[in-house]
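1. Sequence first, then the predicted structure:
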Amino acid sequence: MQPQILVVGEIGVNQLGEDGCFNKLHAGIIRQSRTTDQPRLCYGLARTYGREVGSAFQIVDDILDFVGDPAHIGKPVGGDLRQGLVTLPTLCYMEERPHDADVRALLNGRMGDEAITARVVEAVRASNAIRAALAEARQFVARGLSALDTLPPGLPVESLRRLAEYVVSRDL
């Protein structure tokens, strides 16, 4: 008997957790079968998918904080830096430019300084940091998609694949 996959409820942007991650996605996937190991296997695969795609989603959200349209993302660009959050794009920039005086100033208590924040946002945009962070997000998606490879094909799995691909193809 071919196992069946049921997706309980719609999985969409309106159902993201408060932290913006899909890390609870595995709760929406159930695999039914006559053997006891298959539901546990499916739960593990779904958990992996949710963790990996959720991490990619968060990275893309962090990228959008640098390159997104404030009207579209609903917050001013550089908001994470203003709040004292150093996200992956900033870390990638720091690897590329470890001695940047403005980043050092932010890390040493000047978080919230608008002029410094604006310069760091522009520096991150002009560097390879956005491309590096997006490449990392794509690696997370690839790992999430590979978790689906052992599941039988069908609309639920295809929907999860499309959702994962959307995460890294949003307007950047």
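-> Good, I have the coordinates. Residues are numbered from 1 along each chain as shown.

2. On the three-state scheme, the residue nearest in space to the middle of the chain is what?
-> Central residue of the chain (CA atoms, centre = their mean): F57, 1.9 Å from the mean position. With DSSP: H, G, I helix; E, B strand; the rest coil as the basis, F57 sits in helix.

3. Kindly report the same for D149.
-> Under three-state DSSP, D149 comes out as coil.

4. backbone phi and psi for it, please?
-> Torsion angles at D149 (phi, psi; degrees, to the nearest 10) stand at phi -60, psi -30.

5. cool, D113 as well?
-> The phi and psi torsions at D113 (degrees, to the nearest 10) take the values phi -70, psi 110.

6. again with D61
-> phi -60, psi -40.

7. What distance do you get for it to A137?
-> Between D61 and A137 the computed distance is 10 Å (CB to CB, to the nearest Å). Bear in mind the C-beta positions are built from the backbone N, C-alpha and C, glycine included.

8. Those two: which is more packed in?
-> Per other CB atoms under 10 Å, whichever of D61 and A137 has more neighbours is A137, with 25 against 20.

9. so which helix or strand takes in the more buried one?
-> helix 129-147 (DSSP states H and E).

10. That helix - contacts with which helices or strands?
-> Where contact means 3 or more CB pairs under 8 Å, 6 or more residues apart in numbering; DSSP states H and E, helix 129-147 is packed against helix 37-67, helix 88-96, helix 155-167.
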